[in-house]
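Give me a 3D structure for the following:
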Amino acid sequence: MNLYRINKQYSLFLFFFCILIIFTISEFLDRKEIVIPFQTLLCFFLISIVGISHGALDHIKGYNLMKIYKIQNKFLFFPIYIIISLSIIILWILLPLLTLLSFLVIASYHFGKEDCSVGKIIEIRFENLLYLLKGSLVIIAPLAFHTNETLEIFQILNVDIITPHENFLFGLILISLIATIIIVYKSNNEGFFLADWLTVLSLNIFLSPLVAFTIYFCFLHSVRHSLSLIYELNKNNFNKGFKEFIKKALPLTIITGILYLIAFFILANSYDLDNAILKVIFIGLASLTFPHILLEYLVEKNGKKRN
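Numbering: from 1, shown residues only. Reported below is the predicted structural model:
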């Protein structure tokens, strides 16, 4: 199984597929009185099922990490993971602005780095900064093209942010493009990282922030990470690796999905449908993102030491 070729083909397919989506349903999505309840629910279920599934093997990585640290009781992984997640939710309640900004910066770096994990990048200075700048497009683009709608989402998340100047936002998008071009130049991926960048940009120009993020998160970021996991499970047979991935990822995906639904029903008693869903999606993602990224960092760090 050639993981590089699969990712390259998938990136090009996703780019053209998203262009098709944009031209066929963008007008329909702008009819707010028809679409908002439908698209919000659809995004909720896609993120709950498809999006978070790429982190559903974290416990396996956690078990391996605990062996490295010589921690015998592997079941300690779950309470540690849950405590970190709950801590993020509490921090969001107490310090929403600081938690949101931290989440956006860390998520930008994570998106930039993980989405480039397929190509072999030559050692260059400021590599991590380039990842941060490339991944920041996911955050900056909705602010640039749908400022009011994005700020409304922040307000729902209990955060008020001063409207950034348009020129500043487009300047950041240009910097993100330059960072992506440098990464493409320094890697062997023949430019499909640039296709990914253009996909994210196109989605955010024509679609609402929530829909654009959902398509990116579920069908680019999550799929790419899942493909890597499938490859790790079986390097020779994609079908067998895929079946093993589904088998191992399904239990935690179902549990997390149920927790998302429980959180939604609790919040639905105090907020309207859209607000409850947006709080569950983004605060829930933040609570899962921090331990997920911490785990990825520790696994990579210890992997380098062992090599």
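
From Ile281, how far off is the closest residue to Glu149 other than its chain neighbours?
The spatial neighbour of Glu149 that comes closest, neighbours along the chain excluded (Cβ to Cβ, 6 or more residues apart in numbering), is Pro209 at 5.7 Å. In short, each C-beta sits where N, CA and C put it, glycine included. When distance is defined by Cβ to Cβ, to the nearest Å, Pro209 is 11 Å away from Ile281.

cool, Leu203 as well?
The spacing between Leu203 and Ile281, counted by Cβ to Cβ, is 17 Å.

now do Ile6
Taken as Cβ to Cβ, the spacing of Ile6 relative to Ile281 amounts to 28 Å.

now swap in Glu127 and tell me
Counting by Cβ to Cβ, the gap from Glu127 to Ile281 is 30 Å.

So those two - more neighbours on which side?
Comparing Glu127 with Ile281 by other Cβ atoms under 10 Å, the one with more neighbours is Ile281, at 26 against 16.

tally of neighbours for the residue nearest to the more buried one when sequence neighbours are not counted?
In space, Ile281 comes closest to Ile47 once its chain neighbours are excluded; the distance is 5.7 Å by Cβ to Cβ, 6+ apart. For Ile47, the tally of surrounding residues (other Cβ under 10 Å) stands at 25.

can I assume Ile47 is in contact with Phe219?
No - using Cβ atoms under 8 Å, Ile47 makes no contact with Phe219, being 11.1 Å away.

State the pLDDT value of the residue nearest in space to the middle of the chain.
Within the chain, one residue has its C-alpha closest to the average C-alpha position: by Cα atoms, centre = their mean, that is Phe217, at 4.5 Å. Looking at Phe217, its pLDDT is 94.

Correct me if wrong: it contacts Ile52.
No - shown here, Phe217 and Ile52 do not form a contact pair, counting by Cβ under 8 Å, at 9.2 Å.

buried set for stretch 173-189?
Within stretch 173-189, the residues that count as buried by 16 or more other Cβ atoms under 10 Å are Ile173, Ser176, Leu177, Ala179, Thr180, Ile181, Ile182, Ile183, Val184, Lys186, Ser187, Asn189.

can you list the residues you listed in CSV and add pLDDT?
As requested, the buried residues of stretch 173-189 are arranged in CSV below (pLDDT from 0 to 100):
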residue, pLDDT
Ile173, 96
Ser176, 96
Leu177, 96
Ala179, 94
Thr180, 93
Ile181, 92
Ile182, 90
Ile183, 89
Val184, 87
Lys186, 81
Ser187, 78
Asn189, 63
